[in-house]
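Novice: Requesting a structural model of the entry that follows:
(4 chains)
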Protein chains: 4
Amino acid sequence: MKIVLGENRYGKAENRVVRVTRINETHNLLDLNVSVQLSGDFSDTHLTGSNKKVIPTDTQKNTVFAFAQKYPAMEPEVFGLTLAKHFLDSQAHVQRAEVRLEQFFWDRIMVDGKPHPRAFAKNSSMKRVARVVVDRAPNNSKIAFLSSGLEDLVLLKTSDSEFTDFIRDQYTTLPDATDRIMATQVSAKWRHGSHEIDELEKIDFGKSFSQASSKMLSVFAEHYSLSLQQTLFEMGSAVIKEQPTIAAIKLSLPNKHHFLVDLSPFGQENNGEVFIAADRPYGLIEAVIERDDAPSSGYTWPTW
Amino acid sequence: MKIVLGENRYGKAENRVVRVTRINETHNLLDLNVSVQLSGDFSDTHLTGSNKKVIPTDTQKNTVFAFAQKYPAMEPEVFGLTLAKHFLDSQAHVQRAEVRLEQFFWDRIMVDGKPHPRAFAKNSSMKRVARVVVDRAPNNSKIAFLSSGLEDLVLLKTSDSEFTDFIRDQYTTLPDATDRIMATQVSAKWRHGSHEIDELEKIDFGKSFSQASSKMLSVFAEHYSLSLQQTLFEMGSAVIKEQPTIAAIKLSLPNKHHFLVDLSPFGQENNGEVFIAADRPYGLIEAVIERDDAPSSGYTWPTW
Amino acid sequence: MKIVLGENRYGKAENRVVRVTRINETHNLLDLNVSVQLSGDFSDTHLTGSNKKVIPTDTQKNTVFAFAQKYPAMEPEVFGLTLAKHFLDSQAHVQRAEVRLEQFFWDRIMVDGKPHPRAFAKNSSMKRVARVVVDRAPNNSKIAFLSSGLEDLVLLKTSDSEFTDFIRDQYTTLPDATDRIMATQVSAKWRHGSHEIDELEKIDFGKSFSQASSKMLSVFAEHYSLSLQQTLFEMGSAVIKEQPTIAAIKLSLPNKHHFLVDLSPFGQENNGEVFIAADRPYGLIEAVIERDDAPSSGYTWPTW
Amino acid sequence: MKIVLGENRYGKAENRVVRVTRINETHNLLDLNVSVQLSGDFSDTHLTGSNKKVIPTDTQKNTVFAFAQKYPAMEPEVFGLTLAKHFLDSQAHVQRAEVRLEQFFWDRIMVDGKPHPRAFAKNSSMKRVARVVVDRAPNNSKIAFLSSGLEDLVLLKTSDSEFTDFIRDQYTTLPDATDRIMATQVSAKWRHGSHEIDELEKIDFGKSFSQASSKMLSVFAEHYSLSLQQTLFEMGSAVIKEQPTIAAIKLSLPNKHHFLVDLSPFGQENNGEVFIAADRPYGLIEAVIERDDAPSSGYTWPTW
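Specialist: As a prediction, the model looks like this:
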């Protein structure tokens, strides 16, 4: 028996890049949190402490900021592809580069009914995210695994949600609910089917993101829900149906419980009017919805 | 020398109340975090452990939820006044009741360009807040100290901000900045001048809140800033000027530093394009702006 | 009516200073979070944008780090006094300087039963804190207001805690509890009576801190509690009794509820065995315990 | 092309269980955060909204608390196995149950040099964690995948750490460091090789945890580090060497940077004395160390 180094990777996490693009008097703002992780032939530094093959995480950070200046108007996905390709190009022993990106949303401040050209407010708690993996294929060409998504989209509906007719065992006390609040905090990641970088770079990721997020919102609002699982499936499949380049979507939906407060001790009725929003515990519903002919996901989903 | 009980208070904090109001097919949503603190003749429980004069914090919680059902459509400020008055009315030894309220914002989900009547998304990171203190006057009448406000309004402007010509001492290394990013996370509390509950209840707090927050946004956007202090003063005084019932405003503005990244080692220029958003340390600028004839603030500002 | 600048202050918050002192092969570690706020004649920067009287927050940061090098082995309280005095000495228009300090605890790592001279683990979630205010007296001498304290000391006892015989009104549903879990997260600040800087600097703050924290722990453990208020009073008065230089102590004790879970639907008894630890809402008990002959607290307690 | 349901699971997350065991006058405290996720034949609820096969998350919560009463003195790993087995036993369509456990550490409060039998302080920020997966084998027997670990163990050493002789490319500005602070927040998960539940239940998990955590501490302290990667490998392999039942260990070590502050503008030297602790970005070093003859990891590591 020997003790050996298994899967490993390293990089610089949470580089907070703010990129201003100045077009005459109008400034655009791109606010990103960028994390890089590299895998490849890095066993020396683990086993002997020799750093001769190590690209310092400090250099990775510098690269992120230098590229942000060079490539001003990129979608997060394309910026991630560009960064990841660079690390494979710059050193032959880098097998795979992963770039994770979070984008924070800023709206232009409205002054007298008009958007201000250079002043912004962070109006949303939702983040746009992307995860890019570029891998070196056996023939030394590069292939990519790419997902886009959103996090922290908090939704609530006050009607059209049931949960009934479930298994009853010795530990069951929950009554059927034919009318309940349904609330969740959506984490959604959709993977783009192609692994060809050229093809991926042609996708209009901004448009794809808006379509996907709008679609999830409207399905959540309009779907009559028999379980959060069913709502999840409807939200996910609607996104895929609308966008042929999306192969699958992975949804993680906490069930943020809102309990009807018992006001009968005070002689008051509570007809779906007063709820307590609970913190913990919470339900957690997770699923992948996918095309049955989707290409393999490969390195798309994080396994770490 | 004796050891004595000084200032003291107690209550139930962070009651997460969600109130749904059903008007035919349209539901309204009020999402609050309500905290209650009572002061008065509570020395027995401290000194002897006798709880005969203690209104349990559990009862306070029940009262919050029961009142949420009874009084459905109140502004947070009025709901706070109603709760605070109740505690003084119910027990003669309650000298003072404080109610703090946080309101979370939900927008109706848009479906086919129309707001959905019963489905909501939490689109904002900004919170509306209020703090109500009702005190028993010597003649046993009740007077109030009331502030409204907002927290977590994150703003950024990419131009029209300088910071120059400051003191230089032996520990100064900062160069003058004639063009910098200015970013902050506004915490603003404005106090209403009157201490008469009847008068206060007549204020349209919803309108007052919108006016104050819009005004701060537009001043932040349009003001040419020589220091964050100057911006703070302009934002605060604009709010007071517009609303005669507001006596003072207290602003706490962190200076969320965005540092220009030095790209010269890589042969790249950085003309105000690429910044790193720093976490800590941060500047912190705090001030009260007030009318010179404002009535006394009394218990308005928290001292705990 | 005019709009005027009221109370105001500014500074650099959360300077994360790590100070290593090297005594031959043994290194000591002081890990601090230092925040500075200055008050005085700073109206120009608010009213006209002239920064001629502004000590930049960047300079304040530099000063904190430079002083950390100059004054290696100070207790947080003395380091705060030294910093605060400096700002009054360096500029005549600084009326008052506040320094807040948080100290994080590191233990030496034990190797073969012996403490390692240069390796540490952060074993505690408790923080030691201090708040120093140095004010310019009318005769231009300096006086100080100083409190020490701790935060995030989480305590729990499984016995010797009751809560009975409280007020019952129409909103009361809580039954008497003759045996309950009592848990809290102590925030304690004790103020030192003297305002003379020379006298304050003679206090052994390290010893004072250990005595106060040990005393609160043992009283919490041993006291038979009829209410959290009573426990609070006993904890606070024991600290004052033991240390004559302490004039008062301010305690803020959340009642972290642990609810007995009803297992009867499953045919199981629950004799004080299984509890659910709740997040929100929570009780919040706050009080000052003080000597009846204590000198005035002046600027000791934060009012912002 | 059809849209289909892929991998999916659901459960109740973050059940905060506090279990008191009373042995005469001495009480023991077990403080857990327990999360359950079930996989299996749950497609109906996604596709049709029929919940006939759904064990409600509320029932899962009840089961956690009921089992906490039934099985008082279990190690977290064994409690997780017991819970996971139950869900497979109770319903034939449950294919796999995952239980994640976090244990918070409480020390007995010392009074007069003796541990108090019923009063506790939460002295540590470190958490003990475990993840248990029980899977239904094709022959309907049950097999398990089990990892133990710790999180939030924060370590720092002031000497014996270098980082030199790394790749220099066009984006490199970092100088060699022959003497630096090394600090990290250890997340470690070690997997037990066996998949037989009977065998696993025989492991003394409490002893295994203490040995592993002590070993990591002492290696961190004593190892002369040429890179954080090397320290990681040494820490991990030392744990495996000592415990034959451990097949592999997965370490995630952020490099919590402490930058030497440049005091030369103030005429002061800084010989490794004053550092600023940075928040972001941070390095992130991750690796698995394993026996070369380890059985397959199967479902041990989370893939979601």
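Novice: element containing the residue nearest to residue A:194 when sequence neighbours are not counted?
Specialist: Closest residue to residue A:194 apart from its sequence neighbours, by Cβ to Cβ, 6 or more residues apart in numbering or on different chains: residue A:200 at 5.7 Å. To be clear about C-beta, it is placed using only N, CA and C from the backbone, and glycine gets the same treatment. Under the criterion of DSSP states H and E, residue A:200 resides in helix A:197-201.
Novice: Flag every buried residue along that helix.
Specialist: Across helix A:197-201, burial judged by 16 or more other Cβ atoms under 10 Å in any protein chain shown covers A:197, A:200, A:201.
Novice: Let me see the contact set for the residue nearest to residue A:194.
Specialist: Applying Cβ atoms under 8 Å, 6 or more residues apart in numbering or on different chains to residue A:200 gives the contacts A:77, A:81, A:144, A:146, A:192, A:194.
Novice: In strands only, show me those.
Specialist: A:144, A:146, A:192 (DSSP state E).
Novice: before we move on, the earlier item: which among the contacts of residue A:200 gets closest to residue A:222?
Specialist: Residue A:222 lies nearest to residue A:192 out of these, by Cβ to Cβ, at 26.4 Å.
Novice: Show me what the closest one bridges to in the sheet.
Specialist: residue A:146, residue A:246 (DSSP bridges).
Novice: Stretch A:48-58 close to chain D?
Specialist: Yes - using Cβ under 8 Å from any Cβ of the partner chain, stretch A:48-58 reaches chain D at A:48, A:49, A:50, A:51, A:52, A:53, A:54, A:55, A:56, A:57, A:58.
Novice: Tell me which two in those residues are the farthest apart.
Specialist: A:48 and A:58 (21.3 Å).
Novice: between the two, which one's more packed in?
Specialist: Neighbour count, other Cβ atoms under 10 Å in any protein chain shown: between residue A:48 and residue A:58, residue A:58 has more, with 20 against 13.
Novice: What pLDDT does the model give the closest residue in space to that one that isn't next to it in sequence?
Specialist: Leaving aside its sequence neighbours, residue A:58 sits nearest to residue D:174 (Cβ to Cβ, 6+ apart; 4.1 Å). pLDDT recorded at residue D:174 is 98.
Novice: Contact partners for residue D:174?
Specialist: With Cβ under 8 Å, 6+ apart, residue D:174 has these contacts: A:56, A:58, A:59, D:166.
Novice: Figure out the helix or strand that it lives in.
Specialist: According to DSSP H and E, residue D:174 maps onto no helix or strand at all.
Novice: got the phi/psi numbers for it?
Specialist: Main-chain dihedrals, residue D:174, degrees, to the nearest 10: phi -70, psi 130.
Novice: For residue A:290, see how far away it is.
Specialist: Here the criterion is Cβ to Cβ, to the nearest Å. By it, residue D:174 lies 43 Å from residue A:290.
Novice: same thing with residue A:223?
Specialist: In this view, residue A:223 and residue A:290 are 20 Å apart by Cβ to Cβ.
Novice: Equivalent analysis for residue A:148, please.
Specialist: From residue A:148 to residue A:290 the distance is 15 Å (Cβ to Cβ).
Novice: Point to the residue nearest the middle of chain A.
Specialist: Per Cα atoms, centre = their mean, the C-alpha nearest to the average position across chain A is that of residue A:149, at 3.5 Å.
Novice: In terms of pLDDT, where does it sit?
Specialist: With respect to pLDDT, residue A:149 scores 98.
Novice: Could you do residue A:125 as well?
Specialist: On the pLDDT scale, residue A:125 gets 87.
Novice: ok, now how distant is it from chain B?
Specialist: From residue A:125 across to chain B, the span is 5 Å (Cβ to the nearest Cβ, to the nearest Å).
Novice: And residue A:292, by the same measure?
Specialist: For residue A:292, the distance to chain B (Cβ to the nearest Cβ) stands at 29 Å.
Novice: neighbours around that residue, how many?
Specialist: For residue A:292, using other Cβ under 10 Å, the count is 9.
Novice: now do residue A:24
Specialist: Here the number of neighbours of residue A:24 (other Cβ under 10 Å) works out to 6.
Novice: From residue A:207, how far out is residue A:248?
Specialist: Using Cβ to Cβ, residue A:248 is found at 19 Å from residue A:207.
Novice: neighbour-wise, which of these two wins?
Specialist: Legend: neighbour count by other Cβ under 10 Å for residue A:248 and residue A:207, higher for residue A:248 (26 against 11).
Novice: about what we covered before: which other helices and strands does the helix or strand that contains the residue nearest to the centre of chain A contact?
Specialist: Following DSSP H and E, one finds residue A:149 within strand A:142-157. Packing partners of strand A:142-157 (3 or more Cβ pairs under 8 Å, 6 or more residues apart in numbering or on different chains; DSSP states H and E): helix A:76-90, strand A:127-136, strand A:182-192, helix A:197-201, helix A:205-222, strand B:114-121.
Novice: ok, now with 6 Å
Specialist: strand A:127-136, strand A:182-192, helix A:197-201, strand B:114-121 (3 or more Cβ pairs under 6 Å, 6 or more residues apart in numbering or on different chains; DSSP states H and E).
Novice: For the ones in strands among the contacts of residue A:200, which entry has the maximal number of neighbours?
Specialist: Neighbour counts for these (other Cβ under 10 Å) peak at residue A:146, which has 27 neighbours.
Novice: check contacts around that one.
Specialist: Applying Cβ atoms under 6 Å, 6 or more residues apart in numbering or on different chains to residue A:146 gives the contacts A:132, A:192, A:200.
Novice: Could you give the separation between the terminal residues of stretch A:122-132?
Specialist: Counting by Cα to Cα, to the nearest Å, you get 25 Å between the two ends of stretch A:122-132.
Novice: Can you tell me what sits against it?
Specialist: In contact with stretch A:122-132 (Cβ under 6 Å, 6+ apart) are residues A:76-77, A:80-81, A:84, A:99-103, A:105-107, A:146-153, A:209, B:123-125, B:154.
Novice: The nearest residue to residue A:186 once chain neighbours are set aside and residue D:161: what is the separation?
Specialist: The shortest distance from residue A:186 to any non-neighbouring residue, by Cβ to Cβ, 6+ apart, is to residue A:153 (4.2 Å). The gap separating residue A:153 from residue D:161 is 42 Å, by Cβ to Cβ.
Novice: can you tell me which residues contact residue A:6?
Specialist: D:288, D:290.
Novice: Figure out the helix or strand that residue A:236 lives in.
Specialist: Using DSSP H and E, residue A:236 sits in helix A:228-242.
Novice: Show me which residues of the stretch 1-150 of chain A sit near chain D.
Specialist: Taking Cβ under 6 Å from any Cβ of the partner chain as the criterion, the neighbours of chain D within the stretch 1-150 of chain A are A:1-4, A:6-15, A:45-46, A:49, A:51, A:54-59, A:61-63, A:66.
Novice: Identify the residue spatially nearest to the residue of chain A at minimum distance from chain C, adjacent ones excluded.
Specialist: Residue of chain A nearest chain C, by Cβ to the nearest Cβ: residue A:279 (4.1 Å). Closest residue to residue A:279 apart from its sequence neighbours, by Cβ to Cβ, 6+ apart: residue C:279 at 4.1 Å.
Novice: Ramachandran coordinates for that neighbour?
Specialist: When read as degrees, to the nearest 10, the backbone of residue C:279 gives phi -90, psi -60.
Novice: Near it, how many other residues are there?
Specialist: Around residue C:279 there are 14 other residues, counting by other Cβ under 10 Å.
Novice: Before we go further, residue A:61 is sitting in a strand, right?
Specialist: No - counting by DSSP: H, G, I helix; E, B strand; the rest coil, residue A:61 falls outside a strand, being helix.
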